[in-house]
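Participant: please work out how this folds:
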Amino acid sequence: MTEQPEPGAGGPPAPTVKLATPAERDHLSEVLARAFLDDPVWTWLFPDPATSEKRLRLTFRAYLKDAMNVGSVFTTPDLQGAALWKPPGEWKLGNMALVRAAPELLRAFGMRLFASLQIERAVESQHPRDPHWYLAVLGTDPTAQGKGIGGALIRQVTDRCDRIGLPCYLESSKDRNVPYYERFGFEVTGETQLGKEGPTIWFMWRDPQVPETD
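Facilitator: As a prediction, this is how the structure comes out:
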């Protein structure tokens, strides 16, 4: 599930992007926690504002560790945002990943762990099986939004996928994020509601783009 980090593109040159290191995992988990504090899915899972940010930090620590193990986590030199990208065939949070992440996830979710796993499996059941790069999480610190960080973190992989002819995929947990991702070539392929009264998640696919020629 991704978070829109900026309202628009353009302006100054795109921010510099680099690979995140394990030593930066704690800081990036705090950045992502702040970015997702108002996200409909996470506020549904963590409704208590007194504990939600701490729970989000623990959750994103586990997600960052998994993405660093199987894929790539991109950030900026000042660590103001993060994109968790997983390569073809590695998008699923497998049993071993769950075992490795269990201590942090148990602390984060508590009694909501079963509900979170149900969401994970429901979303995974809709996940495309064709080879693709998966944008599992995208977030920018609220104090740094609007500076093009999110776009730079997206293009770090989509540009590469255009060169090698691979599609990309993501899930959006906010309806207002959908037009944002459409600007990068993603298209809605479906949606699902979590539970009877839960939030909606939109599934978005991006075919490799062919540069326009004169």
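Participant: quick one: the helices in this protein?
Facilitator: Per DSSP state H, the chain carries helices over the ranges 25-35, 40-45, 52-70, 95-109, 113-125, 149-164, 178-182.
Participant: what's the closest of these to residue 139?
Facilitator: Closest approach to residue 139 among these (C-beta to C-beta): helix 25-35, 3.3 Å. In this view, the C-beta of every residue, glycine as well, is placed from N, C-alpha and C.
Participant: what's in contact with that closest one?
Facilitator: By C-beta atoms under 8 Å, 6 or more residues apart in numbering, the surrounding residues in contact with helix 25-35 are 3, 5, 20, 53-54, 56-58, 60-61, 63-65, 68, 73, 75, 79-82, 137, 139-142.
Participant: mind listing what's buried in that helix?
Facilitator: For helix 25-35, burial by neighbour count (16 or more other C-beta atoms under 10 Å) applies to 25, 28, 29, 30, 31, 32, 33, 34, 35.
Participant: what is the burial count for residue 23?
Facilitator: Using other C-beta atoms under 10 Å, residue 23 has 7 other residues around it.
Participant: same deal with residue 116?
Facilitator: Per other C-beta under 10 Å, the neighbour tally for residue 116 reads 17.
Participant: measure it to residue 18 for me?
Facilitator: 30 Å (C-beta to C-beta, to the nearest Å).
Participant: any chance of CSV for the helices of the chain, columns distance to residue 205 and mean pLDDT?
Facilitator: CSV is the format used below for those (distance: least, C-beta to C-beta, whole Å; pLDDT from 0 to 100):
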stretch, distance to residue 205, mean pLDDT
helix 25-35, 23, 98
helix 40-45, 20, 90
helix 52-70, 20, 92
helix 95-109, 23, 63
helix 113-125, 14, 75
helix 149-164, 12, 97
helix 178-182, 10, 96
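Participant: what's the closest non-adjacent residue to the residue nearest the centre of the chain?
Facilitator: Central residue of the chain (C-alpha atoms, centre = their mean): residue 137, 1.0 Å from the mean position. The shortest distance from residue 137 to any non-neighbouring residue, by C-beta to C-beta, 6 or more residues apart in numbering, is to residue 84 (4.1 Å).
Participant: so who does that neighbour touch?
Facilitator: Applying C-beta under 8 Å, 6+ apart, the residues contacting residue 84 are 63, 64, 67, 71, 73, 135, 136, 137, 138.
Participant: where's it relative to residue 56, distance?
Facilitator: From residue 84 to residue 56 the distance is 14 Å (C-beta to C-beta).
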